[in-house]
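Undergrad: here are the coordinates; sequence isn't available:
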């Protein structure tokens, strides 16, 4: 079967890019994407046939860029394939000229749907009008393409619910996997760890406030936060830096080797994003035999078992209490970490993911 992948920009080392990579490796598939930055994403992508637009799209903040962005996916025509596999919105618009198609949906575009109302708050009347117009155009293109997609995989029950709410379509939950063999546990050093992208939705300030409360009663501990940030002069990155003291260590754009090392040595992982679609951080922490303290919303509710391999919390105060509990019970911390690793090895593997994905892909290609 000849599978071709249509993906969003490959410019970070995130969970969405990891899914694309695993499918590309399994099917030896070519990848069509709007943007490819090999130095910013997984090195393994260099092995694949990656197609990008020949003409530069210009500055991401320009109106022309946004028009070309939409045009790229709507007008893309892929040759020599039996099935199109689409990743990261708005890749679903590629269904306009290519079929049959699978859409692996990490989430309907959050700025056009789930975050629309909150993003409208505080905008000037002119900005509201502009935002509403752009959202209407985005939703119109979705309405032309999403109903025609042959099959939709959702990355979680959380996203399955969003797909039903915004598109009135059924979807099948297929959890992404983790390569547990790449993660290890070298010990439980006195630092908590929160890796993610430096964007407002990841809510680093939540974890920093929790750590501030925790460390006021327990001295000698550190918080390490790391992730990817293309622009360290961005308002959010500067905000995060402004609320950190010497007990909080910020690492930007770490490579995979350093990421695995930090997971292997941390005491436990923190995870405090706003309404996370799914989130690989809890699974990667568990694969490293570390318990996870995560917010009680979105994807973590599907991966973290409260009191077994981590804790689900509803405020920075509760997160601080859970940190203090683990710090005072090192044997239990290790026990919870081991339970998490067993969960990952049993329920969240790429073997399971690719087996089900290939079954459905073969079915659609033959049909």
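TA: Here it is on my side, so go on. Just so it is clear, the structure is predicted and the values come from calculations on it, not from any experiment.

Undergrad: pLDDT below threshold where in this protein?
TA: Applying pLDDT under 70 to the chain picks out residues 55-67, 230-233.

Undergrad: domain map for it?
TA: As assigned by automatic domain parsing, the chain contains the domains 3-177+349-366, 180-347.

Undergrad: state the distance from residue 102 to residue 323.
TA: 41 Å (CB to CB, to the nearest Å). Where you see a C-beta, it was placed from the backbone N, CA and C, and this is true even at glycine.

Undergrad: one more: residue 132?
TA: In terms of CB to CB, residue 132 sits 42 Å off from residue 323.

Undergrad: neighbour-wise, which of these two wins?
TA: residue 323 (26 against 13; other CB atoms under 10 Å).

Undergrad: run through the neighbouring helices and strands of the helix or strand where the more buried one lies.
TA: Applying DSSP states H and E as the criterion places residue 323 in helix 316-327. Counting contacts by 3 or more CB pairs under 8 Å, 6 or more residues apart in numbering; DSSP states H and E, helix 316-327 is packed against helix 204-215, strand 268-271, strand 292-295, strand 310-313, helix 330-347.

Undergrad: just the residues contacting the third one, thanks.
TA: By CB atoms under 8 Å, 6 or more residues apart in numbering, the list of residues contacting strand 292-295 from outside reads 192, 203, 206, 268-273, 276, 279, 281-282, 285-286, 300, 304, 309-314, 319, 322-323, 326, 340.

Undergrad: sheet partners, orientation included, of it?
TA: strand 268-271 (parallel), strand 310-313 (parallel) (DSSP bridges).

Undergrad: right, and the helix or strand after that strand?
TA: As assigned by DSSP H and E, the chain's next helix or strand after strand 292-295 is helix 300-303.

Undergrad: just the helices in this protein please.
TA: 15-27, 63-75, 116-120, 125-145, 157-167, 204-215, 235-242, 256-265, 281-287, 300-303, 316-327, 330-347, 350-366 (DSSP state H).

Undergrad: I'd like to know which of these is closest to residue 188.
TA: helix 330-347 (6.2 Å; CB to CB).

Undergrad: give me the distance from the closest one to the chain's centre.
TA: Put simply, helix 330-347 sits 22 Å off its chain's centre (CA atoms, centre = their mean, to the nearest Å).

Undergrad: give me the contacts around it.
TA: Residues from elsewhere that reach helix 330-347, judged by CB under 8 Å, 6+ apart: 175, 178, 180, 185, 188, 267-268, 283, 285-292, 305, 308-310, 326-327.
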